[in-house]
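1. The sequence and its predicted three-dimensional model are supplied below.
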Amino acid sequence: MSKKNKQLVHLLTEAGEALQKDPAAIPWNTYPRPQMKRESYLNLNGEWEFSEDYSVSGVERKMYHADAEGFDLKINVPFCRESVLSGIGDTDFCNCVWYRKKITLPAGWQGGKRVLLHIGACDYKTDVWVNGKSLGKFWGIGPQQTMYLPAPWLKEGENEIVVFESDGYDAPVVELVDTAILHG
């Protein structure tokens, strides 16, 4: 069945229905972890450019470059693509997706200001680029969901963040066996 003809069932909580009725409430512009609140932060919730990478070819196509094509959808973060609140509402499985957002840093953040980028809700493997440079990788259960942004990578004016999220393609199989497998 093509995506255009697909009928989706949308289940919303009362909070979700309230957000749908009041678009001004989206994005949630609250501090994500109140117990660790900083004086200055930039909430990245809101509209991002988005691409579904069914062929797992985005890295080969260099979608992390500023001039990359293929970001043909918009997604409302912090919602996942399956949620109707994301603006997409597609529940078909897609194991690789790309997000891109252009941001302007607040005054005073360039020139040595310590900047951390926190990516929440990516549940498996995530790669992050800033202005075309590979910032790093993490796994959703790993220790590094917050990444340090080197000051020289940040420009005055517009900066670009690209996030590649994978739900595990070509994952190696790890097995416990009671007999050694010898090659040779």
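-> Cool, the structure landed. Residues are numbered from 1 along each chain as shown.
2. Let me know the helix or strand that the spatially most central residue of the chain is in.
-> The residue lying closest to the centre of the chain (Cα atoms, centre = their mean) is Val163, at 4.7 Å. In this structure, Val163 sits in strand 158-166 according to DSSP states H and E.
3. Val56 and Leu19, how far apart?
-> Using Cβ to Cβ, to the nearest Å, Val56 is found at 32 Å from Leu19. C-beta: built from backbone N, CA, C; applies to glycine.
4. who has more neighbours, the two?
-> Using other Cβ atoms under 10 Å, the more surrounded residue of Val56 and Leu19 is Leu19, with 19 against 12.
5. Quick check: the more buried one is in a strand.
-> No - assessed with DSSP: H, G, I helix; E, B strand; the rest coil, Leu19 is helix; it does not lie in a strand.
6. hang on, isn't it packed against Ser86?
-> No - counting by Cβ atoms under 8 Å, Leu19 stays clear of Ser86, with 11.1 Å between them.
7. CA atoms only for the helix or strand of the chain with the lowest mean pLDDT, dumped as PDB, please.
-> Here the helix or strand of the chain ranked lowest by mean pLDDT, DSSP states H and E is helix 14-21, holding a mean of 76. The C-alpha trace of helix 14-21 is given here as PDB (Å, rounded to 0.1, in the frame of the first residue of the first chain):
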ATOM      1  CA  GLU A  14      -5.500  13.900  26.800                       C
ATOM      2  CA  ALA A  15      -2.200  15.900  26.800                       C
ATOM      3  CA  GLY A  16      -1.700  15.000  23.200                       C
ATOM      4  CA  GLU A  17      -5.200  16.200  22.200                       C
ATOM      5  CA  ALA A  18      -4.600  19.400  24.100                       C
ATOM      6  CA  LEU A  19      -1.300  20.000  22.200                       C
ATOM      7  CA  GLN A  20      -3.100  19.300  18.900                       C
ATOM      8  CA  LYS A  21      -5.800  21.900  19.700                       C
END
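8. Many thanks, we can stop here.
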